[in-house]
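K.L.:
Build me a structure from this.
(4 chains)
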There are 2 protein chains.
Amino acid sequence: MLTSGRADTGDPERVNKKRRQQAILEIVAAQPVASQEELRQLLDDRGFAVTQSTLSRDLRELRLARIPTPLGARYASPDAPGDDHRTALEDVLPQFFASADGVGELLVLKTIPGGAQPIAEAIDAQALPEVLGTIAGENTILVICRSATARDRLERKLERVARTGA
Amino acid sequence: MLTSGRADTGDPERVNKKRRQQAILEIVAAQPVASQEELRQLLDDRGFAVTQSTLSRDLRELRLARIPTPLGARYASPDAPGDDHRTALEDVLPQFFASADGVGELLVLKTIPGGAQPIAEAIDAQALPEVLGTIAGENTILVICRSATARDRLERKLERVARTGA
DNA sequence: TGGCCCTGTGCAATAATATGCATTAATCAT
DNA sequence: ATGATTAATGCATATTATTGCACAGGGCCA
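P.N.:
Residues are numbered from 1 along each chain as shown, chains lettered A, B, ... in the order given. Prediction:
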């Protein structure tokens, strides 16, 4: 009887594992997958009938991680180059901004790792009157402002955009 | 009434969030963290008392993912290449430091080629109070300090560590 | 200044993931 | 062939993570 055991197909599952994991890679690359259960259904559509347990193990073997984003969790390869960056300040600031501080006409922005470059680009793209220029590292941006007053104004503005998205 | 509410400390938690998240980045960079509960305890040791719920939210904001490995799960930045850079200032400074100079609240460190990144990371990791942030190139680091005085103090300190290893 | 709104948080419930154990089929060494 | 060994997996459950809800404190605006 079918008390337990593997899939109901009688074919050698050793072969299937590889193909299934290959399919997982393709699926995950092609579309956002938020949970193992969702992945299970997608695989089911492709003819791979397995349980969530198996996927948990597959994902570990494939080194795929569930990466949390503001838009929900997504399975992806941890070291894959994240999504392409947009240049809209309203987009990248809420996404990457960590903190702002400054002295004189210098504004120092901290971002989450990898966020400095996109934000700096976005700021540059705006050609803000109070900004002379920006220099970005990995997670830090130096913004050279026209004056301490301008720095103060910019700081508030950026914090607002970061928080409210506008 | 006592129905619920936040921590029992009466201080403004808005301020703490940033520092806590910074601490999270440092902890996660420094050692393997397998679960949010484990992270909670590590933060507790550092004086940040929050619940695991809060960490769930922090981790999402920081884009840190729980990455499965054969050795167990680890929290890490998804797009960070497996970094094994050392973060001990006492290590990297004597190794790479070349010279220090500055004006106002800006400190410019010169290093031997390739030494800027590691030293900047080490400085960041220390979260020194006099430092607003660092930006590193190939062999030059710009350190933005809180004040000219702070710059002076930092300059002496770094030169001492570079020379004596402590 | 008073109200309104927004952020940060805890708590408890819910959702998602990981895993110990059992089972099956395939392989292997006798 | 036959028992031993191994790999893959399901099931039930344990472990972890996320979220809905409520509330406190601060900022902001009329």
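
K.L.:
all contacts plus neighbour counts: C-alpha atoms, from now on.
P.N.:
OK.

K.L.:
Return, as residue ranges, the portions of chain A with sub-threshold pLDDT.
P.N.:
A:1-15, A:70-71, A:79-87, A:94-95, A:163-166 (pLDDT under 70).

K.L.:
Which residue is it, in it, that comes closest to chain B?
P.N.:
As assessed by Cα to the nearest Cα, chain B sits closest to residue A:78 within chain A, at 4.2 Å.

K.L.:
ok so that residue is a helix residue?
P.N.:
No. Residue A:78 is assigned coil when assessed by DSSP: H, G, I helix; E, B strand; the rest coil, not a helix.

K.L.:
Strands of chain A, start to end?
P.N.:
For chain A, strands defined by DSSP state E occupy the ranges A:65-67, A:74-76, A:97-103, A:106-111, A:131-136, A:140-145.

K.L.:
got these as CSV, with mean neighbour count and distance to DNA strand C columns?
P.N.:
As requested, those are exported to CSV (neighbours: other Cα atoms under 10 Å in any protein chain shown; distance: least, Cα to the nearest atom of the strand, whole Å):
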stretch, mean neighbour count, distance to DNA strand C
strand A:65-67, 23, 6
strand A:74-76, 21, 8
strand A:97-103, 20, 10
strand A:106-111, 25, 14
strand A:131-136, 18, 24
strand A:140-145, 24, 19
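
K.L.:
okay if I get the ones you listed as CSV plus distance to residue B:123?
P.N.:
Shown next, in CSV, are the strands of chain A (distance: least, Cα to Cα, whole Å):
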stretch, distance to residue B:123
strand A:65-67, 28
strand A:74-76, 31
strand A:97-103, 17
strand A:106-111, 14
strand A:131-136, 17
strand A:140-145, 13
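
K.L.:
how about those, which one is nearest DNA strand D?
P.N.:
strand A:65-67 (7.4 Å; Cα to the nearest atom of the strand).

K.L.:
how does chain A divide up, domain by domain?
P.N.:
According to automatic domain parsing, chain A comprises the domains A:13-76, A:89-164.

K.L.:
now the helices for chain A?
P.N.:
Here chain A has its helices, by DSSP state H, at A:13-30, A:36-45, A:52-62, A:89-96, A:116-126, A:148-164.

K.L.:
Tabulate these in CSV, adding columns for mean neighbour count.
P.N.:
Output for these, formatted as CSV (neighbours: other Cα atoms under 10 Å in any protein chain shown):
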stretch, mean neighbour count
helix A:13-30, 14
helix A:36-45, 16
helix A:52-62, 15
helix A:89-96, 22
helix A:116-126, 20
helix A:148-164, 17
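
K.L.:
would you turn those helices into TSV with distance to DNA strand C?
P.N.:
As requested, the helices of chain A are exported to TSV (distance: least, Cα to the nearest atom of the strand, whole Å):
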stretch	distance to DNA strand C
helix A:13-30	7
helix A:36-45	4
helix A:52-62	4
helix A:89-96	10
helix A:116-126	19
helix A:148-164	5
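
K.L.:
among those, which is nearest residue B:159?
P.N.:
Residue B:159 sits nearest to helix A:116-126 of all the helices of chain A, at 28.4 Å, using Cα to Cα.

K.L.:
can you give me the angle that closest one makes with helix A:89-96?
P.N.:
Computed with axes from the mean of the first three to the mean of the last three Cα atoms, to 10 degrees, the direction of helix A:116-126 lies at 160 degrees from that of helix A:89-96.

K.L.:
Helix A:116-126 - contacts with which helices or strands?
P.N.:
Other elements packing on helix A:116-126 under the criterion 3 or more Cα pairs under 8 Å, 6 or more residues apart in numbering or on different chains; DSSP states H and E are helix A:89-96, strand A:131-136, strand A:140-145.

K.L.:
okay, the angle between the first one and helix A:148-164?
P.N.:
Which is helix A:89-96. Using the same axes, to 10 degrees: helix A:89-96 against helix A:148-164 is 70 degrees.

K.L.:
ok now helix A:89-96, how far from the chain's centre?
P.N.:
Distance, stretch centre to chain centre, for helix A:89-96: 12 Å (Cα atoms, centre = their mean, to the nearest Å).

K.L.:
before we move on, what about the last one?
P.N.:
What separates the centre of strand A:140-145 from the centre of its chain is 24 Å, taken as Cα atoms, centre = their mean.

K.L.:
Would it count as contacting chain B?
P.N.:
Yes. Looking at strand A:140-145 against chain B by Cα under 8 Å from any Cα of the partner chain, the contacts come from A:140-142.

K.L.:
would TSV of the residues you listed with distance to residue A:149 be doable?
P.N.:
As requested, the residues of strand A:140-145 next to chain B are arranged in TSV below (distance: Cα to Cα, whole Å):
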residue	distance to residue A:149
A:140	21
A:141	19
A:142	16
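
K.L.:
Turn those into CSV, including distance to DNA strand D.
P.N.:
As requested, the residues of strand A:140-145 next to chain B are exported to CSV (distance: Cα to the nearest atom of the strand, whole Å):
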residue, distance to DNA strand D
A:140, 24
A:141, 23
A:142, 24
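
K.L.:
ok, those residues vs residue A:35, which is closest?
P.N.:
Compare each of these with residue A:35 using Cα to Cα and the shortest gap goes to residue A:140, at 32.9 Å.
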